[in-house]
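Participant: sequence and predicted structure, then a few things I'm wondering about:
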Amino acid sequence: MPVYTVHAPSPGGADLRATDKFVFVRDGFHFWAMIFGPLWLAWNRLWLALIGWIVFLAAFDAALHSLGLGRSSIFFANCIVALLTGFEASSLRRWTLSRGRWRQLDVVVADDEDTAERRFFERWSKSQRGIVNDQWAVDRGGPPPTRSVPGQPFSNPPIPAGGIIGLFPEPGGSSR
């Protein structure tokens, strides 16, 4: 089962108002990072890692060429670097987040990212009770409330003098 790490944007940003900015990073091998290393790094905005990858690969290829290795050996070495990029892609992403002052909140084990989000927020929201204004949950599909709740005008609706909308006479009132 995949393992996800959850990151929040700043030490003070881990509250209910910043939940849409949380990042879930899947640990493990990233196939597209192996196949398209620099494009994957650019797509995920890992700019410093991209610059490091380009500098390292240029120096590595120059060193191998200066040693007199053939093209097939250099190609094989580049395939190994691409494989390592695929294995370390999630670590590069976590490193970039930590440099941007993001902090790791939790580790979640789940089948996919949606399930990881659900598990994390179920566990995290229990620990957040009382910190932020906790409004009563509203079930949008249920019937309207029928109990008397202070401050809600629909709890005790006023009945007009002529009965309900003038169609039915008031009980105990005179009939015409």
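Facilitator: Good, I have the coordinates.
Participant: going by C-alpha atoms from here, please, whenever you check contacts or count neighbours.
Facilitator: Fine.
Participant: so which residues of this structure form strands?
Facilitator: 3-8, 23-26, 103-109 (DSSP state E).
Participant: any weak-confidence spans in the chain?
Facilitator: For the chain, applying pLDDT under 70 flags the ranges 11-17, 129-176.
Participant: right, and the strands of the chain - which one's nearest Phe87?
Facilitator: strand 23-26 (11.5 Å; C-alpha to C-alpha).
Participant: give me the contacts around that closest one.
Facilitator: The contact list for strand 23-26 (C-alpha atoms under 8 Å, 6 or more residues apart in numbering) reads 2-8, 90, 93-94, 113, 117.
Participant: direction included, what does it pair up with?
Facilitator: strand 3-8 (antiparallel) (DSSP bridges).
Participant: how about the strand it pairs with as PDB, C-alpha atoms only?
Facilitator: Extracted C-alpha coordinates of strand 3-8, given in PDB (Å, rounded to 0.1, in the frame of the first residue of the first chain):
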ATOM      1  CA  VAL A   3       2.500   5.800   2.000                       C
ATOM      2  CA  TYR A   4       1.700   9.500   1.800                       C
ATOM      3  CA  THR A   5       3.300  12.300   3.800                       C
ATOM      4  CA  VAL A   6       1.100  15.400   4.500                       C
ATOM      5  CA  HIS A   7       2.600  18.900   4.400                       C
ATOM      6  CA  ALA A   8       1.200  22.200   5.600                       C
END
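Participant: angles on the backbone of Asp27, please.
Facilitator: phi -90, psi 150 (degrees, to the nearest 10).
Participant: right, and it touches Ser90 too?
Facilitator: Yes: taking C-alpha atoms under 8 Å as the definition, Asp27 is a contact partner of Ser90 at 5.7 Å.
Participant: adding distance to Arg71 and neighbour count, write the contacts of strand 23-26 out as CSV.
Facilitator: Formatted as CSV, the contacts of strand 23-26 follow (distance: C-alpha to C-alpha, whole Å; neighbours: other C-alpha atoms under 10 Å):
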residue, distance to Arg71, neighbour count
Pro2, 37, 13
Val3, 38, 17
Tyr4, 39, 24
Thr5, 40, 19
Val6, 42, 20
His7, 42, 22
Ala8, 45, 24
Ser90, 30, 20
Arg93, 31, 19
Arg94, 34, 22
Glu113, 41, 17
Glu117, 46, 18
